[in-house]
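Student: Quick one, what's the 3D model for this:
(chains A and B)
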Amino acid sequence: MWKWLHPYANPEKSYHFTGKLLPWFNYLALIFLTVGLTWALLFAPPDYQQGESFRIFYLHVPASILSMGIYLGMAIAALSSLVWQLKLADASAAALAPVGAVFTAIALFTGAAWGKPMWGTWWVWDARITSELILLFLYLGVIALHNAFEDKNLAGKAAGILALVGAINLPIIHYSVEWWNTLHQGATVSKFGKPAMAAEMYWPFLICFFGFSFLVAAIASVRFRTEILARNSVRPWVKALVLAKEDK
Amino acid sequence: MQFDSFSDFLHMGGYGFYVWLSYGVGFVLLLLLVLISKTQHNSVKQQIAKRQQREAKLRQAAEQHKQENKISTDKVSTEASS
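Tutor: Numbering: from 1, shown residues only, chains lettered A, B, ... in the order given. Modelled structure (predicted):
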């Protein structure tokens, strides 16, 4: 596996490889989101209790799952950066943090806008919501640390340690609805077992989820490539690339 | 299709404000993230290009300076020997 992975640990090759993947992520995100959101907003049936407000689900749940998934990816990248000193892992952790922060903000905001008509309040200091808010602060801390040091290696180390310590929040968010009595409802969809929802709702949800995932991949690729360029600005290949300007 | 008319669609069974607020804010935040990511990518490239041009100019100036010095020292040495 290491032999196979080795060429991708090379910044120049990773830059070109993600550059080749990028248009595919763009197209897939566009197609999946167009189909998924049209289905979710126009054709999916209303919930028998929540009516049309249930349509917020198709943005809220993918954003929430991705906010945690991105953090997991960032924590794994931070770990590989700290343990094996992979510079590319550090670059990908730095690339993922702002994307995760935006998805966490969307999860929190759509949750509030859904909570107002359903629970009668925009905000409660409920276990699920509070732990998700802590996730947002963790992301903001990681971003701040990445930008706090002129030396990118030092910045990566500091941000990586925070990302790893903060990973303890992930199981807390996940199990919060089971460990505590909360206003937030339990999981409707899970990787294990059948989803507790009708197929007419599950399919548009799944397509939206994949659409947002491809969008994350696309944005993260762009940011990852920026990080590679910034960290290798004195390398001859970067100089040649910038001069040629073929790569827009 | 779950809705009879476009205004029905916008109304969202009375939840229009909350549904469209959610999707609107989500769209704006994602759009900002995409635009900022792209702008940063281009500005990093421009910065590297600018630094490179400056370095090239400095190198050129240094070379010129060296050559001029060499000519003048040659002159001095030829004058001294004659």
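Student: hang on, isn't B:L10 packed against B:G16?
Tutor: Yes. With contact defined as C-beta atoms under 8 Å, B:L10 and B:G16 form a contacting pair (5.5 Å). C-beta: built from backbone N, CA, C; applies to glycine.
Student: Tell me which of those two has more neighbours.
Tutor: B:G16 (16 against 11; other C-beta atoms under 10 Å in any protein chain shown).
Student: Could you verify my assumption that the more buried one touches B:S7?
Tutor: No. The pair B:G16 / B:S7 is not scored as a contact, 9.5 Å apart, by C-beta under 8 Å.
Student: Now do the contacts for the closest residue in space to A:L133 that isn't next to it in sequence.
Tutor: Distance criterion C-beta to C-beta, 6 or more residues apart in numbering or on different chains; nearest residue to A:L133, sequence neighbours excluded, is A:L108 at 6.4 Å. Neighbour list for A:L108: A:129, A:132-133, A:136 [criterion: C-beta atoms under 8 Å, 6 or more residues apart in numbering or on different chains].
Student: In PyMOL, select just the buried ones from these.
Tutor: To isolate the buried ones among the contacts of A:L108 in PyMOL, judged by 16 or more other C-beta atoms under 10 Å in any protein chain shown, type:
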select buried, chain A and resi 129+132+136
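Student: Around chain B, pick out the residues from chain A.
Tutor: A:41-46, A:51-53, A:55-56, A:59-60, A:63, A:98-99, A:102, A:105-106, A:109-110, A:113-114, A:116-117, A:215, A:219, A:222-223, A:225-226, A:229-230, A:233, A:238-239, A:242-243, A:245 (C-beta under 8 Å from any C-beta of the partner chain).
Student: Restricted to helices, list the contacts of A:L108.
Tutor: Using DSSP state H, the subset of the contacts of A:L108 located in helices is A:129, A:132-133, A:136.
Student: Which pLDDT value goes with B:S77?
Tutor: B:S77 is assigned a predicted lDDT (pLDDT) of 67.
Student: got it, and the one 5 residues further on?
Tutor: We note a pLDDT of 57 for B:S82 in this prediction.
Student: same question, A:A44
Tutor: 88.
Student: Need the three-state assignment for the nearest residue to it once chain neighbours are set aside.
Tutor: Spatial nearest neighbour of A:A44, chain neighbours left out: A:P204 (4.9 Å); criterion: C-beta to C-beta, 6+ apart. At A:P204 the chain is in helix, as set by DSSP: H, G, I helix; E, B strand; the rest coil.
Student: list the contacts for A:P204?
Tutor: Residues near A:P204 by C-beta under 8 Å, 6+ apart: A:36, A:39-40, A:43-44, A:58.
Student: For chain B, state which of the residues you listed is nearest.
Tutor: When the contacts of A:P204 are compared for distance to chain B (C-beta to the nearest C-beta), A:F43 wins out at 6.3 Å.
Student: For A:N169, give me its contacts.
Tutor: Residues near A:N169 by C-beta under 8 Å, 6+ apart: A:71, A:131, A:134-135, A:138.
Student: how about 7 Å then?
Tutor: Contacts for A:N169 were tallied using C-beta atoms under 7 Å, 6 or more residues apart in numbering or on different chains; they are A:131, A:134-135, A:138.
Student: Of all pairs in the residues you listed, which one is the farthest apart?
Tutor: By the measure C-beta to C-beta, A:S131 and A:L138 form the most distant pair in those, at 10.3 Å.
Student: Could you check which of those two is surrounded by more residues?
Tutor: Each of A:S131 and A:L138 has its neighbours counted (other C-beta under 10 Å); A:L138 has more, 25 against 18.
Student: Name the helix or strand for the more buried one, please.
Tutor: A:L138 is part of helix A:127-148 when elements are defined by DSSP states H and E.
Student: Thanks a lot, see you next time.
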